[in-house]
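**Student:** Sharing a model that was predicted from the sequence below.
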Amino acid sequence: MRSYQIFLQSSLLFLACLWGSNSWAQNPELQVSWDKTTVLIFDAPIQSIDRGSQWLLGQQDAQALNLLKLKAGSKQMPNTNLHVLTADGRIHEFEVRYAEEPSNTTWDLRKKKTKEQELESPLGMNSREFEELAGDLAFLDTKAIKKQFRYELLFWLKGIYYQDGLLFFDLMVHNTSHIPFEPMGPDLRIVDTRSGKRSSKREVAMEPVFSRVQSLDQEDNQELKSLVLAYPVFTVANQKRLEFRLREQLGDRELQLSLKGKHLLQAQSLPIKTN
């Protein structure tokens with residue numbers, strides 16, 4: 001009987017350790033500090049963030065949409081948790097606690113890629129070529145396809161281009177106010193709205209292969225930013241529309257551009273040669 005009790009206790013201890021190790025694998029513990037930033041990097045752009053405590057501060061990076069910055073809003077921040085939903089449909093769950101000196105401030109949660117995968121996309125353009133292209137498109141002078149002026153912000157679509165299986169969207173935002181505008185996004189969604197009183201509205205988020213946000217020269221303290229995004233080629237049906245939504249990181253200003261499927265079919269070849 002005594003040996004059976006020892007065996008039972010050992011088995012329970014083993015199962016508890018196994019459960020604990022699995023919980024750690026699923027819910028890593030993050031440490032955040034008052035005066036240091038903890039950074040999370042995901043495979044896909046961040047869609048939503050749920051913080052278990054108001055004292056946990058989170059901010060999505062304006063240019064790297066898959067990067068989340070965390071800080072503690074108080075040195076007495078209680079232990080809490082964090083859920084992050086990314087555009088690839090994955091929900092990432094974390095346990096979070098305060099630490100004066102975090103043991104790790106950079107969490108790269110991306111799947112490991114080979115050097116060849118990092119350099120070359122399956123659609124024939126690598127990240128270096130895209131950066132050069134986005135820089136050239138930023139200074140290309142074209143007419144606006146769609147635009148919106150709101151909150152002293154002008155948001156417009158300069159061009160739609162197609163090459164090598166990719167659709168490129170060239171956008172700009174001009175802040176004419178004296179209050180800085182730090183953009184989050186833009187997010188691109190296909191919206192399906194059916195007519196009728198009992199209509200249902202469905203949205204599908206689109207994940208870019210490449211994206212770049214860059215600040216251009218400022219005049220009279222007015223901000224001008226270029227936003228270039230590339231997606232695997234797609235089309236939009238007549239009953240659907242394409243929406244770009246540009247939000248403010250630390251504020252309520254939000255801009256939106258809505259396109260029809262016919263706009264995509266009018267995509268032009270890239271006016272700039274790529275390698």
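**Tutor:** Done, it's in. Numbering: from 1, shown residues only.
**Student:** going forward, measure contacts and count neighbours with C-alpha atoms only.
**Tutor:** Noted.
**Student:** Which SSE is immediately downstream of the worst-scoring helix or strand of the chain on mean pLDDT?
**Tutor:** Counting by mean pLDDT, DSSP states H and E, the weakest-scoring helix or strand in the chain turns out to be helix 115-119, with a mean of 41. Next helix or strand after helix 115-119 toward the C-terminus (DSSP states H and E): helix 127-138.
**Student:** Pull out the buried residues from the helix or strand following that following helix.
**Tutor:** The C-terminal neighbour of helix 127-138 among helices and strands, as given by DSSP H and E, is strand 146-150. For strand 146-150, the neighbour count (16 or more other CA atoms under 10 Å) marks Lys146, Lys147 as buried.
**Student:** ditto for stretch 177-188
**Tutor:** Phe181, Glu182, Pro183, Met184, Gly185, Pro186, Asp187, Leu188.
**Student:** Now render these as JSON lines, adding distance to Tyr162.
**Tutor:** Converted to JSON lines, the buried residues of stretch 177-188 look like this (distance: CA to CA, whole Å):
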{"residue": "Phe181", "distance to Tyr162": "30"}
{"residue": "Glu182", "distance to Tyr162": "28"}
{"residue": "Pro183", "distance to Tyr162": "25"}
{"residue": "Met184", "distance to Tyr162": "25"}
{"residue": "Gly185", "distance to Tyr162": "21"}
{"residue": "Pro186", "distance to Tyr162": "19"}
{"residue": "Asp187", "distance to Tyr162": "19"}
{"residue": "Leu188", "distance to Tyr162": "17"}
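**Student:** farthest-separated two in the residues you listed?
**Tutor:** Phe181 and Leu188 (19.3 Å; CA to CA).
**Student:** Where does the prediction get shaky in the chain?
**Tutor:** Applying pLDDT under 70 to the chain picks out residues 1-27, 62-63, 112-125, 193-201, 217-222, 273-275.
**Student:** For the stretch 51-200 of the chain, which segments are assigned as strands?
**Tutor:** Using DSSP state E, counting those that start in this stretch, the strands found in the stretch 51-200 of the chain span residues 56-60, 67-72, 80-86, 91-98, 106-108, 146-150, 153-163, 166-175, 183-193.
**Student:** Just send those back as JSON lines, with distance to Ser269 too.
**Tutor:** Putting the strands of the stretch 51-200 of the chain into JSON lines (distance: least, CA to CA, whole Å) gives the following:
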{"stretch": "strand 56-60", "distance to Ser269": "33"}
{"stretch": "strand 67-72", "distance to Ser269": "31"}
{"stretch": "strand 80-86", "distance to Ser269": "31"}
{"stretch": "strand 91-98", "distance to Ser269": "37"}
{"stretch": "strand 106-108", "distance to Ser269": "36"}
{"stretch": "strand 146-150", "distance to Ser269": "19"}
{"stretch": "strand 153-163", "distance to Ser269": "5"}
{"stretch": "strand 166-175", "distance to Ser269": "10"}
{"stretch": "strand 183-193", "distance to Ser269": "21"}
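**Student:** of all the ones you listed, which lies closest to Lys36?
**Tutor:** Comparing those by CA to CA, strand 67-72 comes nearest, at 6.8 Å.
**Student:** and the closest one, what other elements does it pack with?
**Tutor:** Judged by 3 or more CA pairs under 8 Å, 6 or more residues apart in numbering; DSSP states H and E, the packing partners of strand 67-72 are strand 29-32, strand 38-41, strand 56-60.
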